[in-house]
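Undergrad: Got a sequence here, can you model it:
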Amino acid sequence: MQSIKGLALLQQLPTALMYKRRGEEQFHLNDAFIKLFGISSEQLNGVPNFSFFDPINKSQLTDTQCPFEKIEKEAFPTAWVRLQTPARSLHCFITGSVIADGDGEWLIINVENNAHYAMAESEEGAHAQRHITFNQLLTKFSSKLIKASADELDVIIGQSLAAFGEFCDVDRCYLFEFSQELSLMSNTHEWVAAGVTPYIDDLQNMPTSDMPFLMEHINEGMFKVDDVKDIPDSAIAEREEFQKEGICSILCMRITVDGNPYGFIGCDIIGSPYTWCASDIEYLKRIGDMLGNTLQNIYNRRAIYAMQQELVEANKQLQKLANIDGLTGIANRRLFNTTLEKDLSQSCRRNESISLLLIDVDFFKLYNDNYGHVAGDHVLQQVALTISESCIGTDDLVARYGGEEFAIILPATTTDDAEALAKRILDNVKRLGIEHERSPHNKLLTVSVGVATQDLACDETCSDLVNKADQALYRAKAAGRNCVSQ
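TA: Numbers count the residues shown, from 1 in each chain. Just a heads-up that it's a prediction; the model follows:
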């Protein structure tokens with residue numbers, strides 16, 4: 001190990017250092033470290049608090065995981081950590097080493113902030129490299145957000161805030177959403193650095209009227225506070241709320257969706273004031289614009305989906321109007337015709353029989369004349385419901401064939417099964433007990449049914465089958481009605 005005479009040399013080195021004598025508790029900071037973290041002389045008095053955190057799992061590095069402990073055991077650490085000081089915390093790369101002088105050994109931690117670019121030889125080069133890196137970061141998340149579904153959005157927004165927070169070395173980064181009437185705001189997404197207390201659960205449904213100073217600036221596009229102490233006394237309640245959360249500096253940008261305020265994206269610095277630079281403002285604005293564009297796309301997609309659903313529902317209604325009888329709510333003649341053609345063709349392909357029932361309400365004209373058309377319409381509705389409830393086949397179709405006539409298409413049904421259904425319908429209609437004074441059948445409303453079956457020869461058309469059922473119905477009427485005929 002190289003021998004170094006005196007503490008003064010460590011103190012003056014241009015790289016940020018933390019160091020202490022082996023075996024001692026007290027450690028020292030050189031001028032470059034104090035400048036990097038913006039530590040004031042007041043903050044160095046007493047027992048200053050310095051903590052190391054794992055930036056991934058955010059656990060504090062203590063005991064054997066503490067970098068100084070590792071150096072004591074000759075395990076020289078090189079790692080990314082979140083280093084918290086009395087002034088602020090930063091994402092840093094640390095390298096441990098041991099250096100000897102005439103009086104013993106120094107345990108040294110070299111600290112490099114992730115915003116510094118050693119490859120750049122000038123301040124202008126560092127700024128250009130930082131801008132390039134940020135553009136790469138923005139492109140990465142932009143491509144994710146463009147393809148994001150509404151379900152994936154929360155995760156990607158969280159990742160975007162984390163990436164921005166780590167890149168700009170802030171302590172907290174968040175997204176607030178306004179309620180539709182702008183009366184409330186809620187913290188919907190939050191990223192915090194290691195060692196920083198999250199507040200998302202406490203910041204839900206907050207009245208915007210409680211934050212007039214913040215809202216006034218958000219409405220203008222940006223809320224920028226380098227030092228919370230400078231917030232005027234007219235907004236003392238807001239200043240005290242920020243101070244309660246340990247916030248020293250705040251930067252927020254408005255987000256609009258569909259031309260209306262959606263919310264804002266923001267970030268905080270904790271520990272000591274920080275002067276927001278032009279690149280901080282530019283980067284946060286671009287992240288906010290990216291999220292705003294994504295939310296706009298999601299909004300547009302939802303609006304298009306809602307319109308599509310309305311069209312689907314409208315088409316369903318049109319379909320219903322086109323195929324459903326308005327009075328009885330069962331299939332109309334149009335749907336009957338198309339269904340019979342389809343079912344007859346299918347029965348031939350499957351080598352199955354198909355049956356058809358035609359049902360007529362007996363003496364319906366006399367009923368109308370005696371009780372009126374309103375009562376007649378009510379009877380048709382009752383008969384339609386009874387016929388439908390009498391059917392047990394899932395593929396059966398009950399239709400209003402015309403006037404007081406109904407039809408039932410019975411796929412895969414033999415003549416015997418069709419006749420059994422017809423008799424069940426006769427009995428069920430009589431059980432309704434609908435009074436019909438001009439009916440010869442116990443002064444009750446009855447029906448007549450004609451039954452027709454297409455045999456396995458498949459030598460009949462739809463018209464042939466309907467004619468067979470119509471002739472069977474005619475025979476039932478000729479036999480005195482209130483009966484079934486084939």
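Undergrad: top strand in the chain by residue count?
TA: strand 89-101 (DSSP state E).
Undergrad: For the next helix or strand after that one, list every residue counted as buried.
TA: Note on strand 89-101: by DSSP states H and E, the next helix or strand toward the C-terminus is strand 104-113. With burial defined by 16 or more other CB atoms under 10 Å, the residues of strand 104-113 counted as buried are 106-112. Yep, even glycine has a C-beta here, placed from its N, CA and C like the rest.
Undergrad: on contacts alone, who are the packing partners of strand 104-113?
TA: strand 16-21, helix 31-37, helix 67-72, strand 89-101 (3 or more CB pairs under 8 Å, 6 or more residues apart in numbering; DSSP states H and E).
Undergrad: how does it look with 10 Å?
TA: The contact analysis (3 or more CB pairs under 10 Å, 6 or more residues apart in numbering; DSSP states H and E) places strand 104-113 against helix 7-12, strand 16-21, strand 28-29, helix 31-37, helix 67-72, strand 78-84, strand 89-101.
Undergrad: got a list of contacts for the third one?
TA: Contacts of strand 28-29 with the rest of the structure, by CB atoms under 10 Å, 6 or more residues apart in numbering, involve 7, 10-11, 16-21, 35-37, 39, 44, 48, 50, 85, 106, 108, 111.
Undergrad: re earlier: quick check, nearest of the buried residues of strand 104-113 to V192?
TA: V111 (21.3 Å; CB to CB).
Undergrad: Could you tell me which residues make contact with the residue lying closest to that closest one once chain neighbours are set aside?
TA: Spatially, and ignoring its direct neighbours in sequence, V111 is nearest to A16 (4.2 Å; CB to CB, 6 or more residues apart in numbering). Listed by CB under 10 Å, 6+ apart, the contact set of A16 reads 29-37, 83, 90, 92, 94, 109-113, 116.
Undergrad: Would you write a PyMOL line that selects the buried entries of those?
TA: Here is the PyMOL command that selects only those of these that count as buried (16+ other CB under 10 Å):
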select buried, resi 29+30+32+33+34+36+37+83+90+92+94+109+110+111+112
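Undergrad: need the strands for the stretch 101-250 of the chain, in chain order.
TA: Ranges of strands within the stretch 101-250 of the chain are 104-113, 172-178, 184-192, 206-207, 222-225, 247-257, based on DSSP state E, counting those that start in this stretch.
Undergrad: can you check the stretch 301-450 of the chain too?
TA: For the stretch 301-450 of the chain, the strands identified by DSSP E, counting those that start in this stretch occupy 354-361, 397-402, 405-411, 447-454, in order along the chain.
Undergrad: could you dump these to CSV with distance to M222?
TA: What follows is the strands of the stretch 301-450 of the chain, written out as CSV (distance: least, CB to CB, whole Å):
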stretch, distance to M222
strand 354-361, 75
strand 397-402, 66
strand 405-411, 70
strand 447-454, 79
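Undergrad: what about the stretch 101-250 of the chain, any weak spots by pLDDT?
TA: 102-103, 114-127 (pLDDT under 70).
Undergrad: If we ignore the residues flanking it in sequence, what's nearest R286?
TA: Counting by CB to CB, 6+ apart, R286 lies nearest to L138, which is 6.1 Å off, once chain neighbours are set aside.
Undergrad: Okay, domains of the chain per the record?
TA: Using automatic domain parsing, the domain ranges for the chain come out as 7-113, 123-301, 333-485.
Undergrad: Of these, which is nearest Q317?
TA: Nearest of the domains of the chain (CB to CB): domain 333-485, 15.0 Å.
Undergrad: picking up where we left off before, want to throw the domains of the chain into TSV with distance to K316?
TA: Shown next, in TSV, are these (distance: least, CB to CB, whole Å):
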stretch	distance to K316
domain 7-113	52
domain 123-301	22
domain 333-485	14
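Undergrad: For L327, which of those domains is the nearest?
TA: Using CB to CB, the nearest of the domains of the chain to L327 is domain 333-485, at 6.0 Å.
Undergrad: Quick one: distance of that closest one to the chain centre.
TA: Averaging C-alpha positions (CA atoms, centre = their mean, to the nearest Å) puts domain 333-485 51 Å from its chain's average.
Undergrad: end to end, how far does that domain reach?
TA: Terminal residues of domain 333-485 are spaced 22 Å apart (CA to CA, to the nearest Å).
Undergrad: Now do the helices in the stretch 151-300 of the chain.
TA: In the stretch 151-300 of the chain, the helices defined using DSSP state H, counting those that start in this stretch lie at 212-220, 236-244, 278-323.
Undergrad: ok, which stretches of the stretch 351-486 of the chain are helices?
TA: Under DSSP H, counting those that start in this stretch, the stretch 351-486 of the chain gives helices at 364-371, 373-390, 415-431, 462-478.
Undergrad: Quick check: which of the ones you listed is nearest to I250?
TA: So among the helices of the stretch 351-486 of the chain, helix 373-390 is nearest, using CB to CB, at 67.7 Å.
Undergrad: any idea of the angle the closest one forms with helix 364-371?
TA: 130 degrees (axes from the mean of the first three to the mean of the last three CA atoms, to 10 degrees).
Undergrad: could you say what helices and strands helix 373-390 packs with?
TA: By 3+ CB pairs under 10 Å, 6+ apart, helix 373-390 packs against strand 354-361, helix 364-371, strand 397-402, strand 405-411, helix 415-431, strand 447-454.
Undergrad: how about the fifth one: buried residues?
TA: Residues of helix 415-431 classed as buried by neighbour count (16+ other CB under 10 Å): 417-419, 421-422, 425-426, 429-430.
Undergrad: which one is L473 nearest to, not counting chain neighbours?
TA: That would be G450: by CB to CB, 6+ apart, it lies 2.9 Å from L473.
Undergrad: Equivalent analysis for M290, please.
TA: For M290, the spatially nearest residue (CB to CB, 6+ apart) is S142, at 5.7 Å.
Undergrad: count of residues packed around R239?
TA: R239: 19 surrounding residues under other CB atoms under 10 Å.
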